[in-house]
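*Asks:* Any chance you can model this:
(one chain, ligands or ions: 1)
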Amino acid sequence: MNFGAVGEFYAEFLKPRISSKGLHDLIKMGLTPALSGLYRADAYLTGNIPAGPPVQVDAVFVSHAHADHASYLGLLDPDIPIYCSLVTAAMIKATQDSANPGLEGETVIFSPRRLNPKTDEPLLLKENSYAYFWRRYVNAFNTEPPERFQEYWTANLVSEANTAKKQYEYLPVTMGTGSGSVGTMKYEAIAVDHSVYGATAYVFDLGGKTFCYTGDFRLHGLRGDTSLRFKERLREIRPDYLLTEGTNFGGQKGNDLANAQRASEEDVYENCLRAVQGEAGNLVIADFGPRNIERLLTFLKIAGETNRKLAVTTKDLLFLQAMGTADDVIDGAAHDERLYVYRPPKVKVAPWESYGIEMCGCRSVGAADLEKNPGDYVLAFSVFDFNNLVDIAPRGGAYIYSTCEAFNEEMEIDAERILNWIVRFAMTPYGIKEGIDEATGKAKVTFERGYHASGHISEQELIDFIDYVKPGAVIPMHTEHPEKFVEMLGNRHRIIVPEPGRAIVL
Ligand SMILES: [Zn+2]
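*Replies:* Next comes the predicted model:
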């Protein structure tokens, strides 16, 4: 999927028509390559979609559960097995469970489509809205998936209420071997540190040539030691080709970001702890990515040290519970007595919401309790939850912006909106503030360092990493500045810059 090109044509309110037209818009707009043998057959039913050259796909390897790595898995042919870590699998399922997605989001559980007989135009419809099938997932590591994981995995939280009519065929996740072979290709899965847990790099051996795909990784998180072991292992292997991420690589903006975000998770903990300590008796809102469990653990620790409880949304709770089924450390946090769930005022609770609450067994807190005892809580909210502030009506307190800085215009507008809410409720912002744009002299949102640690390796660390591993060639991906790899490393490494639509023949 070409995410850059998707953004050129589409936005939040202008989306490709995947649910009704399958692959039609994606392939015709050149957003995903036409390859026969890769996608689900029912995504072609709307006709007149170029098939493209045939490919034989024995397996798909997923590095981690961020949207830009996993969100279109629902388009794959369900016969293709998907390899990933158990934590990644749990997150992918939680994403589907909590989203009620269309065709492309049927990443774990899918429902076959047929053509709608009532429309003149060929449009897709569920064959049977009660029939669900599970995709084939394999744990990329050499561990047996725990029973509690399989129990969550095989729970159908997507379908509508009528359980009596439900027919579903589920497949538990198969145990992996950590390293083994798929067809004629050998693979090795290696855990790395990233802002979501469960991130995995892979080394492949195909006909004696070795490739390493790093996925997204960093060295400075709480599990940074895993990335250091990955670095040592790669030096041993000396892969012929290193396909590496380069998010923080190159460009003025990229450099600023890399410098600003060199804060470690430890720094984040200390700065946020200080902010919370200064707000005794007042509400504290912590804003961090819903899948960033590491940050959730940081705030759970801070809540404990400041005699508060951590209240999370039902969505965060499901993710935490789901990942806990695959990881004992997360499971500990998922059942921590300081953990509360924020109960918004609504009549109907979705099946996935009640499942998460039941798994957790945690207590809930509503707007009235928060208004009465604001100093007892750290509330994990993002801007999308701000409607609830009208009910909670905080009078002062702190808002801690503990997520990535705005890197495009849309995000800057969101950041302005966040500040308007914060000012409206007389809260003190940390990590974000109204500043002045030096170039134009106009007001502009600025970001304070030390309240967020980047999920990605810094530019200098990546240069050192590549120099240390000494791969045969470097193929930069997941970067806006592949040309910088040539500029900065081209004198001592072979760099192959990928081009859209062009195969790299090795
Ligand atoms: Zn990522």
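*Asks:* Are we agreed that residue 394 is in a helix?
*Replies:* No - per DSSP: H, G, I helix; E, B strand; the rest coil, residue 394 lies outside any helix segment and is coil.
*Asks:* Check the burial of the residue of the stretch 151-300 of the chain found nearest the ion by counting its neighbours.
*Replies:* Of all residues in the stretch 151-300 of the chain, residue 216 sits closest to the ion, at 3.6 Å by Cβ to the ion. Heads up, the C-betas are built off the backbone N, CA and C, glycines and all. Under the neighbour criterion other Cβ atoms under 10 Å, residue 216 is assigned a count of 22.
*Asks:* What of residue 127?
*Replies:* Residues contacting residue 127 under the criterion other Cβ under 10 Å number 11.
*Asks:* what sits against it?
*Replies:* For residue 127, the contact set (Cβ atoms under 8 Å, 6 or more residues apart in numbering) comprises 111, 112, 113, 114.
*Asks:* cool, and residue 148?
*Replies:* Residue 148 makes contact with residue 325 under the criterion Cβ under 8 Å, 6+ apart.
*Asks:* got it, and residue 378?
*Replies:* Listed by Cβ under 8 Å, 6+ apart, the contact partners of residue 378 are 276, 284, 285, 286, 299, 302, 303, 306, 308, 309, 310, 311.
*Asks:* List phi and psi for residue 462.
*Replies:* Summarising the backbone geometry of residue 462 under the convention degrees, to the nearest 10, its torsions are phi -70, psi -40.
*Asks:* got the domain boundaries for this structure?
*Replies:* Structural domains annotated on the chain: 3-250+457-489, 265-447, as defined by automatic domain parsing.
*Asks:* how distant is the longest one from the center of its chain?
*Replies:* Translated: domain 3-250+457-489. Here domain 3-250+457-489 is found 11 Å from its chain centre; the criterion is Cα atoms, centre = their mean, to the nearest Å.
*Asks:* re the thing from before, most surrounded residue in the contacts of residue 127?
*Replies:* When the contacts of residue 127 are compared by neighbour count (other Cβ under 10 Å), residue 113 ends up highest, at 22 neighbours.
*Asks:* And it, what's its pLDDT?
*Replies:* Listed pLDDT for residue 113 reads 91.
*Asks:* Residue 276 too?
*Replies:* You'll see residue 276 listed with a pLDDT of 95.
*Asks:* can you check residue 161 too?
*Replies:* Predicted confidence (pLDDT) at residue 161: the value is 51.
*Asks:* got the contact list for the residue of the stretch 301-450 of the chain found nearest the ion?
*Replies:* Per Cβ to the ion, residue 404 is where the stretch 301-450 of the chain lies closest to the ion, at 10.7 Å. For residue 404, the contacting residues are 261, 289, 452, 454, 455, by Cβ under 8 Å, 6+ apart.
*Asks:* Output stretch 191-205 as CSV - backbone C-alpha positions only.
*Replies:* Listed in CSV are the C-alpha atoms of stretch 191-205, where the atom choice follows Å, rounded to 0.1, in the frame of the first residue of the first chain:
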residue,chain,number,x,y,z
ALA,A,191,12.3,-9.1,18.9
VAL,A,192,13.0,-5.4,18.7
ASP,A,193,12.0,-2.4,20.8
HIS,A,194,9.4,0.1,19.4
SER,A,195,6.6,2.3,20.8
VAL,A,196,4.3,-0.7,20.5
TYR,A,197,5.2,-3.9,22.2
GLY,A,198,5.6,-7.1,20.1
ALA,A,199,7.6,-5.4,17.3
THR,A,200,9.6,-8.0,15.4
ALA,A,201,12.4,-7.9,12.8
TYR,A,202,12.9,-10.7,10.4
VAL,A,203,15.9,-12.3,8.6
PHE,A,204,15.1,-14.3,5.5
ASP,A,205,17.4,-16.7,3.6
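*Asks:* mind showing which ranges of the protein have poor pLDDT?
*Replies:* In the predicted model of the chain, residues 159-168, 251-262, 290, 406-407 satisfy pLDDT under 70.
*Asks:* show me what contacts the residue positioned nearest the centre of it?
*Replies:* With distances taken as Cα atoms, centre = their mean, the chain has residue 66 as the residue nearest its mean C-alpha position (2.0 Å). By Cβ under 8 Å, 6+ apart, the contact list for residue 66 reads 196, 216, 291.
*Asks:* can you do 10 Å?
*Replies:* Taking Cβ atoms under 10 Å, 6 or more residues apart in numbering as the criterion, residue 66 is in contact with 88, 91, 95, 194, 195, 196, 199, 215, 216, 289, 291, 455.
*Asks:* swap in residue 380?
*Replies:* The contact partners of residue 380, taken as Cβ under 10 Å, 6+ apart, are 284-288, 290, 295-296, 299-300, 303, 310-313, 316-317, 340, 342, 402.
*Asks:* got it, and residue 153?
*Replies:* For residue 153, the residues meeting the contact criterion (Cβ under 10 Å, 6+ apart) are 86, 89-90, 93, 108-109, 134, 137, 145, 170-173, 322, 325-326.
*Asks:* Which of the contacts of residue 378 fall in helices?
*Replies:* Among the contacts of residue 378, the members found in helices (DSSP state H) are 276, 299, 302, 303.
*Asks:* Give the helix, strand or coil label for the spatially closest residue to residue 293 that is not a sequence neighbour.
*Replies:* Closest residue to residue 293 in three dimensions, ignoring its sequence neighbours and counting by Cβ to Cβ, 6 or more residues apart in numbering: residue 197, at 5.4 Å. Secondary structure state of residue 197, per three-state DSSP, is coil.
*Asks:* by contact count, what packs against the helix ranked longest in the chain?
*Replies:* The residue-count maximum for a helix in the chain (DSSP H) belongs to helix 409-424. Helices and strands touching helix 409-424, by 3 or more Cβ pairs under 10 Å, 6 or more residues apart in numbering; DSSP states H and E, are strand 284-287, helix 389-392, strand 398-401, strand 428-430, strand 432-436, strand 443-447.
*Asks:* any idea which of those is most buried?
*Replies:* Mean neighbour counts were compared across the helices and strands packed on helix 409-424 using mean count of other Cβ atoms under 10 Å; the top stretch is strand 284-287, at a mean of 28.
*Asks:* Residue 476 contacts residue 241, correct?
*Replies:* No - using Cβ atoms under 10 Å, residue 476 makes no contact with residue 241, being 11.5 Å away.
*Asks:* Give me the common contacts of those two.
*Replies:* Contacts common to residue 476 and residue 241, judged by Cβ under 10 Å, 6+ apart, are residue 496.
*Asks:* Neighbour count: these two, which is higher?
*Replies:* Taking residue 476 and residue 241 together and counting by other Cβ under 10 Å, residue 476 has the greater number of neighbours (25 against 20).
*Asks:* Tell me the secondary structure at that one.
*Replies:* In the three-state summary, residue 476 is assigned as strand, counting by three-state DSSP.
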